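Peer 1: Provided below are the primary sequence and the corresponding predicted coordinates.
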Amino acid sequence: MVKEVIKTSEDKMKKSIEALKKELAALKAGRANPSMLDKLMVDYYGTPTHISAMAQITAPEPRMLVIQPWDKSSIKDIEKAIQKSDLGLNPSNDGQVIRLVVPELTEETRKNLVKVVKKHGEEAKVAIRSIRRDANDKLKAVKKDGQHSEDEIKKAEDDIQKLTDNFVKEIDKIVDTKEKEIMSV
């Protein structure tokens with residue numbers, strides 16, 4: 001039972017890290033990155049569809065994305081979805097592909113993006129700590145049942161704290177890396 005609590009907590013913490021990585025990958029950092037379009041949905045024959053499911057997305061240059069739809073008739077729909085999004089990008093198409101030029105970020109925009117990155121990092125840390133709290137609550141319940149010794153429970157609590165510390169350090173590294181990426185001109 002104690003090992004299950006630790007394993008479950010570790011799995012949940014890993015999922016929090018993955019969620020943070022996805023969230024940060026979608027941020028526009030001055031470089032063209034196909035994952036910027038991951039959250040974008042296109043109304044395709046009445047069905048909301050991810051752009052990546054209807055087109056090939058490449059970044060041939062550091063500041064450009066090229067979207068090549070498999071169905072050329074969907075170009076206008078993709079273009080509309082991009083214009084309606086909060087990406088702030090202006091698509092241009094030649095009838096075959098859509099080109100998105102990612103503008104260079106101003107210093108102020110970079111600083112605001114860093115704030116957003118740090119906010120996401122803090123949210124991830126809160127999630128990790130919440131997982132730790134839940135795990136400790138479960139361990140207290142197990143302790144009351146009397147199925148495990150005091151030492152086993154104490155060791156499990158220490159293990160969960162070590163996991164928490166390690167994942168918080170990993171979040172700090174991820175946030176620092178993204179911050180450097182955004183601030184590099």
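Peer 2: All right, it came through fine.

Peer 1: any idea of the mean pLDDT for the strand or helix carrying residue 154?
Peer 2: For residue 154, the element it lies in under DSSP states H and E is helix 150-183. For helix 150-183, mean pLDDT is 91.

Peer 1: Quick one: distance of it to the chain centre.
Peer 2: Computed by Cα atoms, centre = their mean, to the nearest Å, the chain-centroid distance of helix 150-183 equals 17 Å.

Peer 1: Please identify the buried residues of it?
Peer 2: The neighbour-count check on helix 150-183 (16 or more other Cβ atoms under 10 Å) flags 152-153, 156-157, 159-160, 163-164, 167-168, 170-171, 174-175, 178-179, 182 as buried. Any C-beta I mention is one placed from the backbone N, CA and C, and that applies to glycine too.

Peer 1: Okay, the residue in the chain sticking out farthest from the centre and residue 155: tell me how far apart.
Peer 2: The centre of the chain is farthest from one residue, residue 146, which by Cα atoms, centre = their mean lies 40.7 Å away. Residue 146 sits 17 Å away from residue 155, going by Cβ to Cβ, to the nearest Å.

Peer 1: swap in residue 40?
Peer 2: For residue 40, the distance to residue 155 - Cβ to Cβ - is 47 Å.

Peer 1: Residue 37 now?
Peer 2: Distance from residue 37 to residue 155, by Cβ to Cβ: 46 Å.

Peer 1: Tell me which residues of the helix or strand that contains residue 56 come out buried.
Peer 2: Taking DSSP H and E as the definition, residue 56 sits inside strand 55-61. Neighbour-count burial for strand 55-61, counted by 16+ other Cβ under 10 Å, picks out 55, 57, 59.

Peer 1: Strand partners (parallel or antiparallel) of the helix or strand just after it?
Peer 2: Downstream of strand 55-61, the next assigned helix or strand under DSSP H and E is strand 64-69. Applying DSSP bridges, strand 64-69 is found paired with strand 55-61 (antiparallel), strand 98-101 (antiparallel).

Peer 1: State the mean pLDDT of the first one.
Peer 2: Spelled out, that is strand 55-61. Strand 55-61 comes out at a mean pLDDT of 88.

Peer 1: could you dump that strand to PDB, C-alpha only?
Peer 2: Extracted in PDB, the C-alpha atoms of strand 55-61 (Å, rounded to 0.1, in the frame of the first residue of the first chain):
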ATOM      1  CA  ALA A  55      -1.800  19.500 -42.800                       C
ATOM      2  CA  GLN A  56       2.000  19.100 -42.600                       C
ATOM      3  CA  ILE A  57       3.600  21.800 -40.500                       C
ATOM      4  CA  THR A  58       7.200  22.600 -41.000                       C
ATOM      5  CA  ALA A  59       9.600  25.300 -39.900                       C
ATOM      6  CA  PRO A  60      12.000  25.800 -42.900                       C
ATOM      7  CA  GLU A  61      13.400  29.000 -41.400                       C
END
